[in-house]
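Participant: sequence-free structure coming up:
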Ligand code: KG4
Ligand code: ZN
């Protein structure tokens, strides 16, 4: 089956055509991603209204390009999939409405994909990974540990109680006057810094649940930065190194707990999978490798273009759902908030405060 996937939940305008073969394997025929980073950079973060307008301007062209590169026509498609949330509602509406229009005109099934489900299923597109496995998703909008038990069968084991991890990297970068997006810049500066100079807290260390917290650490960095201001380049390096080391230690601890909870409830996971922009951080990759080795499981990190937001992951999730006969009707709603394990209650009674991710 051939599925067109559309992604517009944040600041990437993306479309892709993916094939799913009868044996369950996948092949990407095209994957076009336009990142709007340049449009948002001068504001130091994503501006929802600018993002939505850019999606309107760009999406038709991106879809046309994806179809052309895949050398296929709308009549050949088995389904059209769009990310229906969670995300910035203006962008979600643009992508989902476009998908509905294509589905209606070409009499093709519509699949309204949960963006988080798409991240969760991506490793099955690139390698023959069987269920169940453990997902660590860390991006600008999400920080979660999820047990992926089957298509449509997810249990959230941990989440951030305040900021998302990528968001914390971006905010630290902003307070140190580093350019947006901050993650890669903080990683670069940390490489030349002394991680031991500042005694930053290790959030949630040793707690029995698998939740994250990043806002206290972020405030600690801000306090140190104002205490020693004005900042010399080496001060910035040391602050970045200290912040990143604290994130690493906390992440390793939270993930070991997450893997233990996974094991207790579902038996051994087939792999630990990392996704989201933060998974591009080399120091975090090393820390994840250590956690996976200790837990006697394999670490899988999809290639960077499939870790960050893209259309192929939406198309693939659509194909996985279509293979099970799961399609949606034309009244499928766009959703700003949409928990992956929609019926579950949050661990410890927490509900994520930031956009319901
Ligand atoms: O998945 P993504 O491309 O987009 C969404 O947020 O959905 O993730 C972007 C986030 C940004 O917050 C960015 O600062 C962070 O991922 N990021 C990193 C690195 N590269 C990107 N964080 C830490 N280290 C990096 N090398
Ligand atoms: Zn994402």
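Facilitator: Thanks, I have the structure now. Note that the structure is a prediction, hence the values are computed from the model and not measured. Numbers count the residues shown, from 1 in each chain. Ligands and ions are numbered 1, 2, ... in the order given.

Participant: in the stretch 201-350 of the chain, what residue comes closest to ligand 2?
Facilitator: Residue nearest to ligand 2 within the stretch 201-350 of the chain (Cβ to the ion): residue 309, separated by 4.4 Å. All C-beta spots, glycine's among them, are computed from the backbone N, C-alpha and C.

Participant: and that residue, what helix or strand is that in?
Facilitator: Here residue 309, judged by DSSP states H and E, is contained in no helix and no strand.

Participant: was I right to think it contacts residue 8?
Facilitator: No. In this structure, residue 309 is not within contact of residue 8 by Cβ atoms under 8 Å, at 9.2 Å.

Participant: who touches both of these two?
Facilitator: residue 14 (Cβ atoms under 8 Å, 6 or more residues apart in numbering).

Participant: which one of those two is surrounded by more residues?
Facilitator: residue 8 (36 against 28; other Cβ atoms under 10 Å).

Participant: and stretch 93-105, what's buried?
Facilitator: 93-96, 98-100, 102-103 (16 or more other Cβ atoms under 10 Å).

Participant: can you tell if it touches ligand 1?
Facilitator: No. Shown here: stretch 93-105 not in contact with ligand 1 (Cβ under 6 Å from any ligand atom), separated by at least 13.9 Å.

Participant: residues touching that stretch, excluding its own?
Facilitator: Outside stretch 93-105, the residues touching it (Cβ under 8 Å, 6+ apart) are 4, 6-9, 52, 55-56, 59-60, 63, 74, 79-84, 108-110, 112, 330, 332, 334.

Participant: circling back to that earlier point, just the buried residues of stretch 93-105 now: which is nearest residue 277?
Facilitator: residue 95 (19.3 Å; Cβ to Cβ).

Participant: what about the helix or strand where the closest one lies, near ligand 2?
Facilitator: Element membership for residue 95 (DSSP H and E) is helix 89-106. No. Taking Cβ under 5 Å from the ion as the criterion, helix 89-106 and ligand 2 are apart, separated by no less than 12.0 Å.

Participant: and the buried residues of stretch 93-105 as TSV, adding pLDDT?
Facilitator: Listed next are the buried residues of stretch 93-105 as TSV, based on pLDDT from 0 to 100:
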residue	pLDDT
93	98
94	98
95	98
96	98
98	98
99	98
100	98
102	98
103	98
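
Participant: out of those residues, who's nearest ligand 2?
Facilitator: The closest of these, once distances to ligand 2 are taken by Cβ to the ion, is residue 95, at 13.1 Å.

Participant: mark which of the contacts of stretch 93-105 are buried, thanks.
Facilitator: Applying 16+ other Cβ under 10 Å to these flags 4, 6-9, 52, 55-56, 59, 63, 79-84, 108-110, 112, 332, 334 as buried.

Participant: show me those that map onto strands.
Facilitator: 4, 6-7, 79-84, 110, 112 (DSSP state E).
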